[in-house]
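Engineer: need the 3D shape of this:
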Amino acid sequence: MKKISLFSDGSALGNPGLGGYCAILRYKDNEKIISGAQRDATNNQMELLAVIEGLNALKEPCEVHIVSDSSYVVKGINEWLESWVKRGFAKVKNPDMWRRYIEVSKPHIVKATWVRGHAGHEENERCDVIAKAQAETLRTPTDI
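Structural biologist: Here you go, the predicted structure:
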């Protein structure tokens, strides 16, 4: 089973507002960047969407190490998700996104690690720049 690193970040210009996300997938010396944007998004939604889209891009079952500066995403994956499922996602924000995460993560072995944002972690900083740039692509003259 391939061991993949998935570095991710999300951004919302306004919260909710213009959103962007980025995932960097790394296998050995190969990298793939997945990014996109969405209107009327929260920061947490974009953080989670980065992970979802990163996992969705994988073509085969992998051992995936997610690295994120989002405690919402990391704790959601490592600590909260099991109990959310047991209670049918009652009173959980973004339940449809979490259900999508469950679907795309099924074939993989996933572990998530939190890193401090804006603290010099190379891939996290790259993801941050790309996610913000993606959100900016949605800006119109009336947004300024």
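Engineer: contacts and neighbour counts: CA atoms only from here.
Structural biologist: Noted.
Engineer: angles on the backbone of K93, please.
Structural biologist: phi -80, psi 140 (degrees, to the nearest 10).
Engineer: low-confidence ranges, this structure, go.
Structural biologist: 143-144 (pLDDT under 70).
Engineer: so what touches stretch 108-124?
Structural biologist: 7-9, 24, 61-71, 74, 77-78, 125 (Cα atoms under 8 Å, 6 or more residues apart in numbering).
Engineer: buried subset of those, written for ChimeraX?
Structural biologist: Buried residues within the contacts of stretch 108-124, by 16 or more other Cα atoms under 10 Å, are selected in ChimeraX with:
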select :7,8,9,24,62,63,64,65,66,67,68,69,70,71,74,77,125
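Engineer: got the CA coordinates for stretch 2-15 in PDB?
Structural biologist: Provided in PDB are the C-alpha atoms of stretch 2-15 (Å, rounded to 0.1, in the frame of the first residue of the first chain):
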ATOM      1  CA  LYS A   2       1.400   3.400  -1.000                       C
ATOM      2  CA  LYS A   3       2.200   5.900   1.700                       C
ATOM      3  CA  ILE A   4       0.900   9.300   0.700                       C
ATOM      4  CA  SER A   5       1.200  12.700   2.500                       C
ATOM      5  CA  LEU A   6      -1.700  15.000   2.100                       C
ATOM      6  CA  PHE A   7      -1.000  18.600   3.100                       C
ATOM      7  CA  SER A   8      -4.200  20.800   3.200                       C
ATOM      8  CA  ASP A   9      -5.500  24.200   3.900                       C
ATOM      9  CA  GLY A  10      -8.600  26.200   3.300                       C
ATOM     10  CA  SER A  11      -9.400  29.900   3.300                       C
ATOM     11  CA  ALA A  12     -12.500  32.000   3.400                       C
ATOM     12  CA  LEU A  13     -12.400  35.800   2.600                       C
ATOM     13  CA  GLY A  14     -15.200  36.600   5.000                       C
ATOM     14  CA  ASN A  15     -16.600  33.800   7.000                       C
END
